[in-house]
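S.K.: all I have is the shape, not the residue letters:
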């Protein structure tokens, strides 16, 4: 198996770990590992496909997503002094199975259309990008902890980042910068909201936010 | 510096000036109004340049302004200015009642201009990925405007807003990436494959399956932000909790920015696979949205939640008009954006007055407003009349054109469904209006007198605009809309 395919599978496995682990610090650490895998993939793709832009992407992603975003999340966990997440929708055991099953199925079913137009035609990487993205979407739906939901956002942002690298690495560098800046601001703003949420509800369990239904 | 750059620089500069200004209510409010007025004047000056049907370009076509964008720039300029003018009044009340301090006020005013910047960027961006980034940035810029208070409900609304919009827009980003790659495979130029103008020129060569998938992703993504069912759920919560002027801006302008993105994807997909596909999808989406929102609308007693569901309803009307298609349908869709923008700005601003009078927003505990504040009641009534499509108000024009387009194209089942949905909305609205306006007050009245003329001035201006666009054929604006229809009809 090629190194890139192996890394792609590792990204899928780490997304399951980020989603499924109960310990929040461990989840953030695994997210940092996943982003490091993403950076490595960018470097490998840059040399294999003469896509020099991806080397720049890798350097930017290293500082922003391997260092900065996990640092914010570690700060958040420390500030709020929370250790593990609240009971997710469907329970700790069932929700990761549901999420991974559906994510893989969706990614497998649509990757062919993406493959047709990809600048870099790496099937396993495209499936991994789709799976990580969908794990993020399911993370939002099935996990109740606010920090887990921020991590879910980071997951689907990683999935999109990988798709962007495969399908549009030759786009203007401003595009990647714009999307990345948005993502980082989103994490910062969500973290500030998480602190406010904790102060208002004395918990990070978002299922308690039910004052406005109807 | 070219005029398109000025559109972006001015609100950012304005935000910086406000941020650096002393914490004085008078100074901050005056600066807020002056900066809004200058920004709006520059926006309208650019619109005037495009009125002849030309397109303005800047930075190697990275920014552009065509007739379709101009319609939305008009909304930012006019609705944005009048709402910002009203926000100084509203914030004065909030400040006097101790709900906010000067620090919050400064943040509010500064972020309002950042919000205008992000909306303007999303409208004039020719680069498809940057337009996505700008629309995502509108959420980030406005989340603390919505959640300005730090209580449970306000925090919950901010949380729901950012989470749901971020999930939705993730799908829109996938649509963006796929659109770029599919276009690049045809034209082989990375720079051009990102530009709407080039994408439209080469849309005919797009792979049909890819175009359909792109449109579905875009509909989920931008539809979430625009408030189309079933992903509309953030909207009532956010509108119910945000300050009245922010609800007015969100409903009056922001939803339309997402709708503009959807218009562009609609045009590209129609060019690639024909109108039948996009019309069918939009017809289904519009009908579901109309009925879901209509049913929820009946149950609402909170005046802001009621108007929030109205936003969903009217996004459904726009989607429905796109589904009807043809010249009438597309004209109606674009025109409805303006009609709804002015109407909803008036509606939400009037809820600011109502909340001040009663100290709450529950219509079942109001009553007798006509005796307490007749002008506010008339303005509230005018917004309700326009929202339900009473003739001589702007929204009637859009809805009439939908009927005309549907009948002309023989879509009689669609006509029937549309009529039923509007009937539900009509009944729900007038029963709510009567509940609040007539009879005797059912609870304590906090401020038992009418607002001053100066305080009501922005609302009166909005009311006049609604009637003007409902009665007169405003030539310059109709030219913009007609040119916008031509852009959408290239397929």
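M.R.: Happy to help now that I have it. In this text, all values refer to a predicted model and were calculated from it rather than measured experimentally. Residues are numbered from 1 along each chain as shown, chains lettered A, B, ... in the order given.

S.K.: in the host helix or strand of residue B:112, what counts as buried?
M.R.: Using DSSP states H and E, residue B:112 maps to helix B:102-124. Going by neighbour count (16 or more other C-beta atoms under 10 Å in any protein chain shown), the buried part of helix B:102-124 is B:104-124. Every C-beta, even on glycine, is put in place using the N, C-alpha and C of the backbone.

S.K.: repeat that for stretch B:3-21.
M.R.: Neighbour-count burial for stretch B:3-21 [16+ other C-beta under 10 Å]: B:4, B:6-8, B:10-15, B:17-18, B:21.

S.K.: show me the contacts for the spatially most central residue of chain A.
M.R.: In chain A, the centroid-proximal residue (C-alpha atoms, centre = their mean) is residue A:155; its distance is 1.1 Å. By C-beta atoms under 8 Å, 6 or more residues apart in numbering or on different chains, residue A:155 lies in contact with A:15, A:18, A:19, A:31, A:34, A:132, A:133, A:135, A:136, A:139.

S.K.: and those, which two are furthest apart?
M.R.: Farthest pair in the contacts of residue A:155 (C-beta to C-beta) is A:31 and A:133. Separation: 14.3 Å.

S.K.: next secondary structure element downstream of the helix or strand of chain B with the lowest mean pLDDT?
M.R.: Scoring the helices and strands of chain B by mean pLDDT, DSSP states H and E places helix B:412-437 at the bottom, with a mean of 81. Downstream of helix B:412-437, the next assigned helix or strand under DSSP H and E is helix B:453-471.

S.K.: now what about that following helix, what contacts it?
M.R.: B:78-79, B:82-83, B:85-86, B:89, B:338-339, B:342-343, B:345-346, B:349-350, B:353, B:375-376, B:378-379, B:382-383, B:386, B:391-397, B:450, B:474, B:477.

S.K.: low pLDDT regions in the chain?
M.R.: Picked chain A for this. Within chain A, the stretches with pLDDT under 70 are A:1, A:87-91, A:212-214.

S.K.: not quite, I wanted chain B
M.R.: Using pLDDT under 70, chain B drops low at B:491.

S.K.: looking at it, which helix is longest?
M.R.: When chain B is parsed with DSSP state H, its longest helix is helix B:152-187.

S.K.: what's the answer for chain A, then?
M.R.: helix A:173-201.

S.K.: helix B:102-124 and that one, what's the angle between them?
M.R.: Calculated by axes from the mean of the first three to the mean of the last three C-alpha atoms, to 10 degrees, helix A:173-201 forms an angle of 140 degrees with helix B:102-124.

S.K.: which parts of helix A:173-201 are buried?
M.R.: Of all the residues in helix A:173-201, those buried under the rule 16+ other C-beta under 10 Å are A:174-176, A:178-183, A:186-187, A:189-194, A:196-198, A:200-201.

S.K.: so which of those residues are also by chain B?
M.R.: Restricting those to those near chain B by C-beta under 8 Å from any C-beta of the partner chain leaves A:174-175, A:178-179, A:181-182, A:186, A:189-190, A:193, A:196-197, A:200-201.

S.K.: can you list the buried residues in stretch A:100-119?
M.R.: Buried, per 16+ other C-beta under 10 Å, within stretch A:100-119: A:100, A:103-104, A:106-107, A:110-111, A:113-115, A:117-119.

S.K.: for stretch B:37-47, that is, sorry about that
M.R.: Under the neighbour-count criterion of 16+ other C-beta under 10 Å, stretch B:37-47 has B:38, B:39, B:40, B:42, B:43, B:44, B:46, B:47 buried.

S.K.: and the residues you listed, which of them are in helices?
M.R.: B:38, B:39, B:40, B:42, B:43, B:44, B:46, B:47.

S.K.: any chance of those in a markdown table, plus distance to chain A?
M.R.: Formatted as a markdown table, these follow (distance: C-beta to the nearest C-beta, whole Å):
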| residue | distance to chain A |
| --- | --- |
| B:38 | 26 |
| B:39 | 22 |
| B:40 | 26 |
| B:42 | 23 |
| B:43 | 22 |
| B:44 | 27 |
| B:46 | 22 |
| B:47 | 25 |
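
S.K.: quick one: the helices in chain A, in order.
M.R.: Counting by DSSP H, chain A has helices at residues A:3-20, A:24-48, A:53-61, A:69-80, A:91-117, A:123-142, A:146-168, A:173-201.

S.K.: to residue B:272, which of those lies closest?
M.R.: Nearest of these (C-beta to C-beta): helix A:91-117, 13.2 Å.

S.K.: which elements pack onto the closest one?
M.R.: Here helix A:91-117 touches helix A:3-20, helix A:123-142, helix A:146-168, helix B:152-187, helix B:208-226, going by 3 or more C-beta pairs under 8 Å, 6 or more residues apart in numbering or on different chains; DSSP states H and E.

S.K.: so which of these is nearest residue B:403?
M.R.: With C-beta to C-beta as the criterion, residue B:403 lies closest to helix B:208-226 of those, at 22.5 Å.

S.K.: how distant is the next helix or strand after that closest one from the center of its chain?
M.R.: Sequence order places helix B:234-241 as the next helix or strand after helix B:208-226, per DSSP H and E. Its chain's C-alpha centre and that of helix B:234-241 lie 14 Å apart, by C-alpha atoms, centre = their mean, to the nearest Å.

S.K.: so is residue B:53 in a helix, a strand, or just coil?
M.R.: Assigned state for residue B:53: coil (three-state reduction, DSSP: H, G, I helix; E, B strand; the rest coil).

S.K.: now do the same contact list for it.
M.R.: B:67, B:479, B:483.

S.K.: who wins for neighbours among those residues?
M.R.: Among the contacts of residue B:53, residue B:67 has the most neighbours (other C-beta atoms under 10 Å in any protein chain shown), with 23 neighbours.

S.K.: my read: that residue touches residue B:478, true?
M.R.: No: here residue B:67 does not reach residue B:478: they are 11.0 Å apart, not a contact under C-beta atoms under 8 Å.

S.K.: for the stretch 251-400 of chain B, what spans make up the helices?
M.R.: B:255-273, B:275-299, B:303-324, B:326-358, B:369-372, B:374-387, B:394-408 (DSSP state H, counting those that start in this stretch).

S.K.: to residue A:73, which of these lies closest?
M.R.: Residue A:73 lies closest, by C-beta to C-beta, to one member of those: helix B:255-273, at 28.8 Å.
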